[in-house]
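Student: A predicted structure for the sequence below; I have some questions about it.
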Amino acid sequence: MKKPVAVAAKGKSAVCCESNIPARFPGLAGSGNGKTLDDHSHKGMVWIKAGTFAMGGDNKQAGPDEYPKHKVSVDGFWMDATEVTNAQFAAFVKATGYVTTAEKNPTGRK
């Protein structure tokens, strides 16, 4: 399988999505500040171009919180070319202290 190649618009540089990681993630905070498409830190990643899509529901299968359907525009961003493994996620949790939604007490419940 041919490996995807990240491409940037000519003359443009993109700031990595890691540049805004909050300080509460000490293992990652500040690690991406100022990174651009030319950095080698994006090995194994692909560039997803900016675009617009329709978000939300427009039929009976949609949940109440999915209405109304509306246009959403997103900036370009980096994405791993492959899924995150359990081992990679475990390393992330260990490095950052991240707590998943499943581990949190649901709000509004007693």
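Tutor: Happy to help now that I have it. Residues are numbered from 1 along each chain as shown.
Student: Spell out the residue ranges of the helices in the protein.
Tutor: Assigned by DSSP state H, the chain shows helices spanning 86-96.
Student: residue contacts, the residue nearest to residue 72 when sequence neighbours are not counted?
Tutor: Spatial nearest neighbour of residue 72, chain neighbours left out: residue 55 (4.5 Å); criterion: CB to CB, 6 or more residues apart in numbering. C-beta coordinates here come from the backbone N, C-alpha and C atoms, glycine included. Shown in contact with residue 55 (CB atoms under 8 Å, 6 or more residues apart in numbering): 69-72.
Student: Which one of the residues you listed sits in the busiest neighbourhood?
Tutor: Taking other CB atoms under 10 Å as the neighbour criterion, residue 69 ranks highest of those with 12 neighbours.
Student: what sits against it?
Tutor: By CB under 8 Å, 6+ apart, the neighbours of residue 69 are 54-58.
Student: let's go with 7 Å and repeat that
Tutor: Applying CB atoms under 7 Å, 6 or more residues apart in numbering, one finds that residue 69 lies in contact with 54, 56-58.
Student: measure it to residue 88 for me?
Tutor: Distance, residue 69 to residue 88, by CB to CB, to the nearest Å: 34 Å.
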